[in-house]
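Novice: turn this into a model:
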Amino acid sequence: MTRMTFARAINSGIRRAMDDDPKVVLMGEDIGSLGGVFRITDGLQKDFGTHRVIDTPLAEAGIMGTAVGLAYRGYRPVVEIQFDGFIYPAFDQIVCQVAKLHYRTQGAVRMPITIRVPFGGGIGSPEHHSESPEAYFTHTSGLRVISVSNPQDAYTMIQQAIACDDPVLYFEPKRRYHDKGEVDEAADIETALSMEHARVLRAGADVTLVAYGPLVKTAVDAAEAAADDGVTVEVIDLRSLAPVDFAAVEASVRKTGRLVITHEAAQSGGLGAEIAASITERCFDFLEAAPVRVTGFDIPYPASKLELHHLPDLDRILDGVDRTLGRPHSLSGLEG
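Specialist: Model prediction:
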């Protein structure tokens, strides 16, 4: 086991994938000599050459179009979108081409493209650098969407994504890049937990709390705080956003009878709405209270001085837990 940062774990996972398969190529803006703006690809161009770690023009549509061509020719492109808000120029390529070519060709063509997307807020960046666009892509059939929350999953799941024959959007919470954890670099991606499965991080009997990406750590902190008040919260790291591991969430809710979902993205049309609706359909007779969403607000991403008011934090998540328990909370108008 090696203790490393989240960012280093992704780098190490990509390196192993490139060692294992010469058809893995990296593409993106400033990913070569600079190593990317977050230094995720640091050192890879030096070790694998400019023909496998390619600095591209500032043209996301062109990057994705080139990746489609490479995939047609049997390569496994790993594309970096420099910031979450920069993915929109590539939206047409991803949704209209990458997601549909396997279906359109009746299975004759695979699109083994991994699209790395640093996402979310909390680092003091302006708009278009702190967005959470994952729901746009979970709505698109033909795409797998995953989000990692810790260094071990970052290391393992980037390899699983690259090895997958389907296109995968790999969302990386940029405010967690410097978080450290133990990573087993000898882990076999074939025997590790598959990337489409959720993981129960903390067992509980009173409330199910579902999170992914940057808010998983916050959710665990909230569960620990709730335990001091005698409430046991079961924390689920969703990991896969498309497909969602509804079986894992359903099993937990059937036990607890209560559900809170949290994410940084806006509430309307977000992934939390889909989870709430689906679990209500599956677990209606087991629910003791309506599912609660604790999310970002339905506004353009605010200026950096205001972002900590925008992002769900421990107190807002605990308030959501209180809502499911019928306790006084921020919407009740009652004193706690």
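Novice: so where's this structure uncertain?
Specialist: Scanning the chain for pLDDT under 70 picks out 332-336.
Novice: could I get the full set of strands for it?
Specialist: 2-5, 24-28, 53-55, 76-80, 114-119, 144-147, 168-173, 180-183, 199-202, 207-211, 233-237, 240-242, 259-266, 292-296 (DSSP state E).
Novice: tell me which of those strands lies nearest to residue 302.
Specialist: strand 292-296 (9.5 Å; Cβ to Cβ). All C-beta atoms are positioned from the backbone trio N, CA, C, and that covers glycine.
Novice: out of the strands of the chain, which one sits most buried?
Specialist: Of all the strands of the chain, strand 207-211 has the most neighbours on average by mean count of other Cβ atoms under 10 Å, namely a mean of 29.
Novice: show residues contacting it.
Specialist: Here strand 207-211 makes contact (Cβ atoms under 8 Å, 6 or more residues apart in numbering) with 149, 218-219, 222-223, 226, 231-238, 249, 252-253, 255-256, 258-263, 275, 317, 321, 324-325.
Novice: note down every partner strand of it and its orientation.
Specialist: Paired strands of strand 207-211, with direction, are strand 233-237 (parallel), strand 259-266 (parallel) (DSSP bridges).
Novice: tabulate those strands (a markdown table), appending distance to residue 209.
Specialist: Compiled in a markdown table, the strands paired with strand 207-211 are given as follows (distance: least, Cβ to Cβ, whole Å):
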| stretch | distance to residue 209 |
| --- | --- |
| strand 233-237 | 5 |
| strand 259-266 | 5 |
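Novice: who wins for proximity to residue 174 among those strands?
Specialist: strand 259-266 (11.0 Å).
Novice: the closest one to strand 114-119, inter-axis angle?
Specialist: Put simply, strand 259-266 runs at 90 degrees to strand 114-119, going by axes from the mean of the first three to the mean of the last three Cα atoms, to 10 degrees.
Novice: and the helices in the stretch 151-300 of the chain, which stretches?
Specialist: 151-163, 216-227, 246-256, 271-283 (DSSP state H, counting those that start in this stretch).
Novice: ok, now how distant is the most centrally placed residue in the chain from residue 18?
Specialist: By Cα atoms, centre = their mean, the mean C-alpha position of the chain lies nearest to residue 147, the distance being 1.8 Å. As for residue 147, its distance to residue 18 is 22 Å (criterion: Cβ to Cβ, to the nearest Å).
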